[in-house]
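> Sequence first, predicted model second:
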Amino acid sequence: MASSAERTSGADSSASTTGIITVSPARRAIARLREEARLGNDPRKAADLAVEHGGPSVAAGLILAGTFASMMLGGIAFLTEMGFAVSIGIIISAFVMAMFLVPSLTALLGHKAWWPGHGDAPGGAAGPTREPETVDAATH
């Protein structure tokens, strides 16, 4: 019989894996846009690079949509309707939102897209950090 710690760790690992899979393609596009902006690219260039490297995000969305579309094979009306609706929603999210809407709005808004936290600043929201000064013990 497994101890409670073993059962808890098993549940935590499966929950974290599920969390990674269910992140929406539009969220991944925003993360990519922010990453490109933090590297010093202007908003339009960041949007261009995010769309250029958005293939894995779209592929993950298609796989997830296919998974939910398999519910339509269940033969139960409720499952068929839910499978169709969810898979169409994921496809719209993967193609329309992640590849077109989010990058184009970010490019149009420019630096204002990251307004509350200045997420496009190099080095993160807090800005670049200073290196701590080293003091030589022999001189003091």
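Yep, that arrived. Numbering: from 1, shown residues only.
> so who does residue 95 touch?
Residues in contact with residue 95, defined by C-beta atoms under 8 Å, 6 or more residues apart in numbering, are 58, 61. In this view, the C-beta of every residue, glycine as well, is placed from N, C-alpha and C.
> how about 10 Å then?
By C-beta atoms under 10 Å, 6 or more residues apart in numbering, the contact set of residue 95 is 25, 54, 58, 61-62, 65, 101.
> which one of these has the most neighbours?
With neighbours defined as other C-beta atoms under 10 Å, the most crowded of the contacts of residue 95 is residue 25; it has 28 neighbours.
> Among the contacts of residue 95, which lie within helices?
Mapping the contacts of residue 95 onto helices (DSSP state H) picks out 25, 58, 61-62, 65.
> In CSV, list these along with distance to residue 45 and pLDDT.
As requested, the ones in helices among the contacts of residue 95 are exported to CSV (distance: C-beta to C-beta, whole Å; pLDDT from 0 to 100):
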residue, distance to residue 45, pLDDT
25, 21, 74
58, 20, 83
61, 24, 85
62, 27, 89
65, 30, 91
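> Which of those sits closest to residue 84?
Proximity of the ones in helices among the contacts of residue 95 to residue 84 (C-beta to C-beta) peaks at residue 65, which lies at 10.4 Å.
> Isn't that closest one up against residue 86?
Yes. Using C-beta atoms under 10 Å, residue 65 is in contact with residue 86, at 7.9 Å.
> So which residues of this structure form helices?
4-21, 25-38, 43-52, 55-69, 77-92, 102-109.
> Go through those helices and pick out the most buried.
Scoring the helices of the chain by mean neighbour count under mean count of other C-beta atoms under 10 Å gives helix 25-38 as the most buried, with a mean of 21.
> what's the angle from that one to helix 43-52?
130 degrees (axes from the mean of the first three to the mean of the last three C-alpha atoms, to 10 degrees).
> Check which helices and strands helix 25-38 sits against.
Here helix 25-38 touches helix 43-52, helix 55-69, helix 77-92, helix 102-109, going by 3 or more C-beta pairs under 10 Å, 6 or more residues apart in numbering; DSSP states H and E.
> Thank you kindly, that will do.
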